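Engineer: Test case, fold it:
(4 chains)
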2 protein chains.
Amino acid sequence: MPAKRQPARPSAEHVPLKHAPSKQASPEHAPLELEHFLPYQLSIVSNTVSQAIADDYQRRFDLGVTEWRVMAVLARFDGLSARQVAERTAMDKVAVSRALARLVEAGRVSRGTHDGDKRRSVLSLSEAGWAIHDQVAPMARQRERELLAKLDGEEQAWLERILDKLMPPDSP
Amino acid sequence: MPAKRQPARPSAEHVPLKHAPSKQASPEHAPLELEHFLPYQLSIVSNTVSQAIADDYQRRFDLGVTEWRVMAVLARFDGLSARQVAERTAMDKVAVSRALARLVEAGRVSRGTHDGDKRRSVLSLSEAGWAIHDQVAPMARQRERELLAKLDGEEQAWLERILDKLMPPDSP
DNA sequence: CCGTTATAGTTACATATGAAACCATTTGCA
DNA sequence: TGCAAATGGTTTCATATGTAACTATAACGG
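Structural biologist: Numbering: from 1, shown residues only, chains lettered A, B, ... in the order given. Okay, the predicted model is just below:
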């Protein structure tokens, strides 16, 4: 199956290579254009955004992303168990366990035991937890707005719709 | 500043809480709906997708995501230096250094020294590297197609456009 | 009832990742 | 020139994260 010839790849620099460029002009190596490869783009955009947001509260409150996520769901659903938190945050139970350890230690979350099932925990934001939450939540929203500001209204609507479709069908 | 009353949050379970739910019905705690929070969605979708793709080649070729990215850019741009690879992959130089260490060790990338600047390296995929590349690239594309298959044509077009806009303005 | 199996959560280990310190070389410029 | 500052890369260390093993409790089947 004779291969279709590729246009010569751009050579990065006009510099004589010391070592052989292996199969430089060889056929069929249709290379990925990373910067237009969807999973790559998603990863970049996601990391950039998350990083930007996290930087805000990370240092200021000594609060990790995972911890923040846990707090966010406890703000909406009081009294969840660790497992339920895991479901709602798309984190695995180990991550949740660790986040909770820190949060409880810091007095931001209170942990009780489920009546009638001593395995389960019953989790709530404490006063201190709420105080943090009420500062971080607006910051997060603000960052989201800044991100969306790069798009016009139509694009924003589509993005919302598209992400909803791409989200794995988990959280109830 | 007297607060606007929130509708009572749904209580997670119909179970008596042992410990006080702190400020259960307290006002003003407008909680984030994580599952509609853009950065969160991006993170989930991105991780899900990357994971799915990586699983394919990770085990089969003992090839990490970072290594694959390096290979992908070397497939397009032969003879790059490590720093240039870093730029093109949005990875930091440490990550690139490590990825290269493994790739060179595995004989998938050959590393020379730049004539006239002994600090710089000159990188190329080796034969073995190309062999891997030519197997992985189609797999990656296939996964991308599967992801896009969840969207109709119009949505696909918008997504592409939107991601291009959201991508940080780096790679030349 | 009692033993098996499942579930909630934690711990331990191994690997990944990021920041900063660290060489070597090159560049800029007094 | 020659020396301070910058650049390319690697190493080190501290932290994060994932997998598997483990503990405790609960549910199930005979």
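
Engineer: what does stretch A:151-163 rub up against?
Structural biologist: A:148, B:36, B:38, B:41-42, B:45, B:151, B:155, B:158-159, B:161-162, B:165-166 (C-beta atoms under 8 Å, 6 or more residues apart in numbering or on different chains). Where C-beta positions appear, they are placed from N, C-alpha and C, glycine not excepted.

Engineer: Select only the buried ones of those in ChimeraX?
Structural biologist: If you want just the buried ones from the contacts of stretch A:151-163 in ChimeraX, going by 16 or more other C-beta atoms under 10 Å in any protein chain shown, the selection is:
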select /A:148 /B:38,41,42,45,151,155,158,159,162,166
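
Engineer: Tell me which two in the contacts of stretch A:151-163 are the farthest apart.
Structural biologist: Checked with C-beta to C-beta, those reach their widest spread between B:36 and B:161, with 21.6 Å between them.

Engineer: Poorly predicted segments of chain A, please.
Structural biologist: Scanning chain A for pLDDT under 70 picks out A:1-28, A:170-172.

Engineer: and with 90 instead?
Structural biologist: For chain A, the stretches flagged by pLDDT under 90 are A:1-32, A:35, A:48-60, A:167-172.

Engineer: Would the longest helix seen in chain A count as contacting DNA strand D?
Structural biologist: If you go by DSSP state H, chain A has its longest helix at helix A:38-61. No: legend: contact between helix A:38-61 and DNA strand D by C-beta under 7 Å from any atom of the strand is lacking; minimum distance shown is 8.7 Å.

Engineer: what helices or strands is that helix leaning on?
Structural biologist: The elements that helix A:38-61 packs onto, with contact taken as 3 or more C-beta pairs under 8 Å, 6 or more residues apart in numbering or on different chains; DSSP states H and E, are helix A:65-76, helix A:127-148, helix B:38-61, helix B:127-148, helix B:153-166.

Engineer: Can you give me the buried ones in that helix?
Structural biologist: A:38-46, A:48-50, A:53-54, A:56-57, A:61.

Engineer: Burial check on the nearest residue to residue A:61 once chain neighbours are set aside, number of neighbours?
Structural biologist: Nearest residue to residue A:61, sequence neighbours excluded (C-beta to C-beta, 6 or more residues apart in numbering or on different chains): residue A:132, at 5.7 Å. Other residues within reach of residue A:132, judged by other C-beta atoms under 10 Å in any protein chain shown, total 22.

Engineer: Also residue A:107?
Structural biologist: Residue A:107 has 11 nearby residues by other C-beta under 10 Å.
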